[in-house]
Structures are given as C-alpha cells and as structure tokens.
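Undergrad: Here is a sequence with its predicted model. Questions after.
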Amino acid sequence: MGGHLNINHLMFLGQGALWTIGLSVIALIGGGIVGFVIALARISPLKSVRIASAVYVQLIQGTPLLVILFLGYFGFAAIGLKVSPLAAAGASLTLYVAAYLGEIWRGCIESVPKPQWEAAEGLALSRTQRMMKVILPQAIRIATPPTVGFMVQIIKNTSLASVVGFVELMRSGQIVNNSLFEPFAIYAIIAVTYFAMCYPLSLFSQKLEKRMGRGRSNLAPA
Amino acid sequence: MQQNPSSEPIVSLRDVQKSFGPLRVLDGVSFAVQRGEVLALIGRSGSGKSTALRCIDRFEKVDGGEIVVCGHRVDRPDVDLRALRQDVGIVFQSYNLFPHLTIEQNITLAPCAVKGMATAQARDLARKVLAQVGLEEKLHAYPEQLSGGQQQRAAIARSLAMQPKVMLFDEITSALDPELTSEVLKVIEQLAADGMTMVMVTHEMGFAKGIADRIVFMHRGKVHETGPASILTSPTTPELTQFVGTGNLKS
C-alpha cells in the first residue's frame, strides 16, 4: 500500500466491514441462545439457579467489554488453548451480549401481565406449556424493539475486538491508516460505514416500537 | 378421575385460615358446595370472599384448615395441581383471554395441550362451547376485536371446554357496564339451568338472589351467615343487615 487512498484500500475496508457484520451475527446468535437460557434462569422456580444467573449478569454488566475481550483472548492462552482472534472475540461478545439480552428478555417475560399466567394455570397447562404457548409469544412481541435496538450496540461494540487483533472494520481502518497516514479521512469513512450499518436498524427499531405502542392497549388488563 | 358419591360435596372448606403478612384474610372459613349447586359468596371489598374463591383453585395457599375439591386435598402441599385444575374451571374479572390467539385457539389450547385432544375434535368442541355462550360467529376473531361482555363470555367458553366439574367465577361482571353485565349473567343462568356446579363471588345482589341456591355472607374473614337467598331479605346478623341495608340489594 502507500500513497493515496485507492480502490484497494476501500476493498480492504469493505472486507473489514463484512467481518464486523459477521462478528455481530456471531455475537447475536451466540448471545441470543445463551441469553435466552439466562432469561429463563433468572425467573427459575429454583432459587439457586436464580442467584447463579443474577451473579453472572452482574459480573458481566460490571466489567468493561474491553476487559472481557482481553480476558477471553489471554484466558484461552493461559489454559493452553490457542484460539484465533475470531474465536476469542466471538466467545467474549457472546458472554457479554448474553448478560444484556438475558436481562432485557427477563424484563419482557415479566412484563406479560400476571393474570395471563394465572389464566394459563387455571386451564391446567404445565409450566413449560404456559411459557411456550402463552407467555413467550406475548413476550417476543414486547422484546422485539429493545432487542433490535440492542443489536445497534453490538455492531458498534464489535469495534473493540480490534484490540485482540481481529481485523474487522475498525482494525482494517487502523491498518490502512498505518500505511497512508490520513487518519481523518479514513476514520470518517469508518464512521460513515458504521452509521450506514446501524441507522437502518435504529429506524427499524423505532418503527417496531411505534407498532408496539398501538398493540399495547390490546394486552390483557392487569 | 375421582368419583364423588352424590352425598359428598364437590367443594368443602373447613376452618380455613389465611394471612397476608399480619393481615388475617380468612379466619376459620367453612362452607360446602354440593353437586349442581350454585353458591354465591358475597360481602364487602376486603371481606375475604375473593381469597376464599382463589384458595379453592389453589391460587392462594392456605395456612390452616382443610379444603377438599372433587376429592383433591387442596390444602396439602403435594396436591396434584394439574389434576385439580382439570376438574375446576375459573373465570376472572379481567377475562384474561390470550391476546395473541384467536378465540378458537384460546379455547382449543388447553384441551389439546392438557388432554391431548385431536385438533379437529377440539375445533368441534370450540364451536359447541361458543354456541353455548352465543358467540359462534366470533370463532376466528381476536380478543381485542370483542367487547368486554363478549370477551368474558369467550373466557367462560374457554373454561367450559375443559369440561370442569365445578366453575369458579371471580367478580366476572365487575369490569362491565350494566348492559354487558346482563349478557354475561344470561350465560351463567343457562349454565345453572344445565346443572353446572358453580361458586361465584359477586356484587350483583339481585342476581345472586335470583340464581344462587345458597348464599354465603363473609365479613372480615369470617362467614357470618349462610342460607338460601331469603337471608338477604331477612338477615339475622347485624353485619348482613347493614350490608343489605346500604343499598347493595338494588343492583
């Protein structure tokens, strides 16, 4: 490289952007699966399960993502596992996202009016049936806007994965800048690219929230 | 399924005690409901009548006393809740239909999930119970598209689809205006005529008087008077005298 910003640099940045999306998807799917388990554990009838999951959420929420990423990257090495930056970043982000999504979703499950639980109970449905057929379908409607909103946070936070050497959009920008020394132009491009990825999601989230607003009144009275 | 000899009550409460913290809500409540009987629980707000009703379906755990419902010992911690709730139907003040399901799906959910009924059979059943409450045409509507009275009738139909041995009604007309109230009460009247065993907490004194075989008057967690509807016109305790005297009978 060297010289002026050319198509090759932009291609490189584009590739970084694709990895940003890839890492976001990994974090969302991994974090979504673990987060769902966390959400259910947080409202478990077993006290020990509730406490364990609450401790997990507090630990993660009280730790900067940057630190979690370092811990993930060097932690694997410390126990003798050699993992790629992608695996380390994916695992760290999964743990991070799970704590937040778990908490968001717990709130959504609990915001389904309690009489809905009672009505399902009165019809002799088992706890699993109540959850799967009555509560979750309603909770998912409530959860969609904040979940989409949180995806915006995930996309932006993947930029921190650059510190463990994962070449996503941010890191690819740093690499290009190292050869071109045009930081303002390059970081401006990066900012615009992040914005282009996040803004549609934000819009979508707002739209969902508006639609929810209309639907809210249809939920059973508490 | 347990078989109840006709002499044995379907629901019986004996010396039931229940406190919420320091507040004693039920203080030695006893009454029984025979098969085919309609029992109305009346009393002021806070008299414990709704709590007593909820104890029958074990939405509240009692602190003491004995509750037997269709042979289930409801006061015991090891009671089979799902078996109990297949025998007992409950309808709430706020209808509590599932808003994400159509009326038909609301009704078929439990028979399919709990009793393993085939979908086609459950759909026939849904039609049948909706006809009973006069709502056949609302089969595919969502709860939000129904009026309050229609929603409450659909909730009754949903409960009926489980073919309960006894139905509990917890102030089911309290959220409805008079016109809608009467359409719900008509459904209850028909159920009574069909011989359904029912326990209802109600503020509709006129209705209680007309339909109930027996009235239980509660005051401060105790049963003060029990008897046929005539106790409303000739009360013997000062509490009931005062209760019927304060205009409660006019409704």
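TA: Everything's here; your move.
Undergrad: host element of residue 83?
TA: The chain I'm using is chain A. Under the criterion of DSSP states H and E, residue A:83 resides outside all helices and strands.
Undergrad: that's the other chain; I wanted chain B
TA: Per DSSP H and E: helix B:81-87 holds residue B:83.
Undergrad: That helix - what's its average pLDDT?
TA: In this model, helix B:81-87 has a mean pLDDT of 95.
Undergrad: Describe which strands the following helix or strand past it pairs with in its sheet and in which direction.
TA: Following helix B:81-87 in sequence order, the next helix or strand is strand B:88-91 (DSSP H and E). If you go by DSSP bridges, strand B:88-91 pairs up with strand B:166-170 (parallel).
Undergrad: what sits against residue B:14?
TA: Counting by Cβ atoms under 8 Å, 6 or more residues apart in numbering or on different chains, residue B:14 touches B:30, B:65-67. Yep, even glycine has a C-beta here, placed from its N, CA and C like the rest.
Undergrad: Show me the shaky parts of the stretch 1-150 of chain B.
TA: Filtered on pLDDT under 70, the stretch 1-150 of chain B yields the residue ranges B:1-6.
Undergrad: Quick check: residues of it near chain A?
TA: B:57, B:59, B:81-83, B:85-86, B:88-90, B:92, B:94-100, B:109-110, B:113-114, B:142-144 (Cβ under 8 Å from any Cβ of the partner chain).
Undergrad: circling back: which residues does the helix holding residue B:83 contact?
TA: Outside helix B:81-87, the residues touching it (Cβ under 8 Å, 6+ apart) are A:121-124, A:126, B:1, B:57-58, B:69-70, B:72, B:74, B:114-115, B:162, B:164-166.
Undergrad: One more: stretch A:183-203?
TA: A:5, A:10, A:13, A:17, A:20-21, A:148-149, A:151-152, A:155-156, A:159, A:169-170, A:173, A:176-177, A:180.
Undergrad: Quick check on the residues you listed: which are buried?
TA: A:13, A:17, A:20, A:148-149, A:151-152, A:155-156, A:159, A:169-170, A:173, A:176-177, A:180 (16 or more other Cβ atoms under 10 Å in any protein chain shown).
Undergrad: Out of those residues, which is nearest to residue B:125?
TA: Nearest to residue B:125 out of the buried ones among the contacts of stretch A:183-203 is residue A:148 (Cβ to Cβ; 39.4 Å).
Undergrad: Now the element after whichever strand or helix holds the closest one, going C-ward?
TA: Using DSSP H and E, residue A:148 falls within helix A:136-157. Next along the chain after helix A:136-157, taking DSSP H and E as the criterion, comes helix A:169-180.
Undergrad: contact partners of that next one?
TA: A:1-5, A:9, A:12-13, A:15-17, A:19-20, A:158-162, A:165, A:167, A:183, A:186-187, A:189-190, A:193-194.
Undergrad: now do stretch A:92-106
TA: A:23, A:26-28, A:30-39, A:41-43, A:53, A:56-57, A:59-61, A:65, A:68-69, A:71-73, A:139, A:143, A:146-147, A:150, A:153-154, A:157-158, A:161.
Undergrad: Break down the chain into its helices, ranges please.
TA: With no chain named, the answer covers chain A. All helices of chain A, identified by DSSP state H, fall at A:7-42, A:47-61, A:65-78, A:85-110, A:114-122, A:127-129, A:136-157, A:169-180, A:183-216.
Undergrad: hm, I was asking about chain B
TA: Under DSSP H, chain B gives helices at B:49-56, B:81-87, B:103-115, B:119-132, B:148-160, B:178-193, B:205-211, B:238-245.
Undergrad: ranking those by burial, who's on top?
TA: Among those, helix B:148-160 has the highest mean neighbour count (mean count of other Cβ atoms under 10 Å in any protein chain shown), at a mean of 25.
Undergrad: Strand B:166-170 and that one, what's the angle between them?
TA: 150 degrees (axes from the mean of the first three to the mean of the last three Cα atoms, to 10 degrees).
Undergrad: helices and strands around helix B:148-160, which ones?
TA: Packing partners of helix B:148-160 (3 or more Cβ pairs under 8 Å, 6 or more residues apart in numbering or on different chains; DSSP states H and E): strand B:88-91, helix B:103-115, helix B:119-132, strand B:166-170, helix B:178-193.
Undergrad: now those as JSON lines including distance to residue B:203?
TA: Output for the helices and strands packed on helix B:148-160, formatted as JSON lines (distance: least, Cβ to Cβ, whole Å):
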{"stretch": "strand B:88-91", "distance to residue B:203": "15"}
{"stretch": "helix B:103-115", "distance to residue B:203": "26"}
{"stretch": "helix B:119-132", "distance to residue B:203": "24"}
{"stretch": "strand B:166-170", "distance to residue B:203": "11"}
{"stretch": "helix B:178-193", "distance to residue B:203": "10"}
